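Engineer: Any chance you can model this:
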Amino acid sequence: MLIRTKFQLSLMMFMEFFIWGAWFVTMGTFLGANLMAKDQEISLAFSTQSFGAIIAPFIVGLIADRYFNAEKILGIIHVLGALLMFGLYSATDFSGFFPILLGYMILFMPTLALVNSISFNQMNNPEKEFSVIRVWGTIGWVTAGILISFLGWDSQMGLDDGLLKYTWLMAGGVSFVLGLYSFFLPKTPPKAKSAEKFKLSEVIGLDALKLLKDRNFAIFFICSILICIPLAFYYQNASPFLTEIGLENSTGKMAMGQVSEVVFMLALPIFFSRFGVKTTLFVAMLAWAVRYLLFALGDANEGVWMLLVGIGLHGICYDFFFVSGQIYTDSHAGEKYKSSAQGMITLATYGVGMLIGFWAAGQISNYYLVNEGIHNWKSIWLIPSGISVMVLLLFTALFKKEQTKIYN
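Structural biologist: Now for the predicted structure:
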């Protein structure tokens with residue numbers, strides 16, 4: 001790959017995930033502090049990610065893969081996204097905020113597939129080249145978090161002054177720049193001919209349901225959905241939790257999770273090839289249980305190390321389960337169901353699993369609301385920790401050890 005092309009794709013990834021990280025991490029805190037949203041409303045806001053994940057395959061499969069260049073669709077979406085971001089910045093209550101956010105996420109979620117498509121189209125050896133490009137997305141997410149804390153938008157003074165609303169302007173500005181920049185990215189023409197028949201079952205992964213006849217894959221599939229329930233607790237509650245207990249520069253500290261993601265992404269091939277798929281997934285689920293237990297026991301004073309370790313476990317939690325899970329799915333699917341299988345897993349996890357998780361997190365957070373704006377966080381975090389343990393026990397009991405030829 002040409003150095004110029006590598007730079008173009010790396011910058012694209014950086015801005016793509018900078019935009020997402022600039023508002024997604026702090027949205028729960030923003031909604032509570034700026035729009036006085038209730039826990040159920042905050043969970044509804046985060047659920048827009050799941051709605052977007054469910055609808056995304058239709059946009060990519062029906063439009064991007066058949067009629068228009070991917071880079072042009074990416075550009076149009078991000079320009080429109082910048083306008084919607086300004087609408088989110090201007091919202092004064094949740095009823096005006098939610099429909100704009102829903103529209104934005106329906107547009108944004110397909111861009112995650114589009115940036116991958118644009119990247120893969122320029123690669124001769126994706127197995128070696130993609131990680132070098134994709135890591136800049138993680139760096140973009142981390143940069144957004146550090147910048148928010150550096151500017152003091154997530155500090156107590158910043159919250160009192162309502163400064164978190166500027167995260168939407170920051171994300172919108174970068175979205176507009178990426179929108180214009182996208183038109184200058186390498187051309188990525190549609191792969192399918194417009195005359196070809198659109199197969200809904202293939203786009204959303206129904207063709208890959210045949211893989212569930214394999215006992216191990218069926219167990220993995222069920223556990224993937226279930227583990228997304230505690231995952232949703234982290235995305236939805238971590239920022240409000242850290243802010244409420246008084247941890248300074250919480251957004252910047254949460255960026256440590258993405259730093260660990262880079263580290264464990266590099267360690268994953270070695271661990272996977274040495275210990276196999278069952279042990280890798282076991283360690284990931286155990287890390288989820290430990291992380292939430294640390295959140296339950298930690299505090300912003302003597303127990304702050306527990307919070308930081310819990311945040312740092314993000315790399316193991318995410319990479320060792322979801323990335324290794326994608327690899328495991330790919331190895332089981334074969335050439336015929338490769339795309340369908342990944343679509344099925346994405347729809348099941350980010351769509352169904354996290355939708356259930358966001359709803360549950362909202363209900364449980366509201367149940368343990370002690371006073372206005374004060375939660376019993378210990379009880380809240382023990383629940384996803386317990387769920388993680390139950391999924392871990394289910395997986396350990398039913399998933400049979402198998403050899404998966406990866407990284408050889």
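
Engineer: So, low pLDDT: which residues of the stretch 151-300 of the chain?
Structural biologist: The model of the stretch 151-300 of the chain has pLDDT under 70 over residues 191-208.

Engineer: and with 90 instead?
Structural biologist: 154-162, 187-217, 235, 239, 243, 246-278, 280, 300 (pLDDT under 90).

Engineer: thinking H375 is in contact with S365, fair?
Structural biologist: Yes: H375 is in contact with S365 according to Cβ atoms under 8 Å; the separation is 6.2 Å. C-beta: built from backbone N, CA, C; applies to glycine.

Engineer: Looking at these two, which one has more neighbours?
Structural biologist: Ranked by neighbour count (other Cβ atoms under 10 Å), H375 and S365 place S365 first, with 25 against 21.

Engineer: Please enumerate the strands of the stretch 251-400 of the chain.
Structural biologist: Using DSSP state E, counting those that start in this stretch, the strands found in the stretch 251-400 of the chain span residues 369-371, 374-375.

Engineer: what mean pLDDT does the first one have?
Structural biologist: Looking at strand 369-371 alone, the average pLDDT works out to 87.

Engineer: From the strands of the stretch 251-400 of the chain, pick the one with the highest average neighbour count.
Structural biologist: Of all the strands of the stretch 251-400 of the chain, strand 374-375 has the most neighbours on average by mean count of other Cβ atoms under 10 Å, namely a mean of 16.

Engineer: Which elements pack onto the longest helix that the chain contains?
Structural biologist: Longest among the helix segments of the chain by residue count, using DSSP state H, is helix 256-297. Packed against helix 256-297 by the contact rule (3 or more Cβ pairs under 8 Å, 6 or more residues apart in numbering; DSSP states H and E) you find helix 126-150, helix 215-244, helix 304-312, helix 314-318, helix 324-346, helix 377-398.

Engineer: Mind pulling up the pLDDT for the nearest residue to T280 once chain neighbours are set aside?
Structural biologist: Excluding the flanking residues, the one nearest T280 by Cβ to Cβ, 6 or more residues apart in numbering is S324, at 4.8 Å. You'll see S324 listed with a pLDDT of 80.

Engineer: what sits against S324?
Structural biologist: 268, 272, 277, 280-281, 284 (Cβ atoms under 8 Å, 6 or more residues apart in numbering).

Engineer: could you redo the last one with a cut-off of 7 Å?
Structural biologist: 268, 272, 277, 280-281 (Cβ atoms under 7 Å, 6 or more residues apart in numbering).
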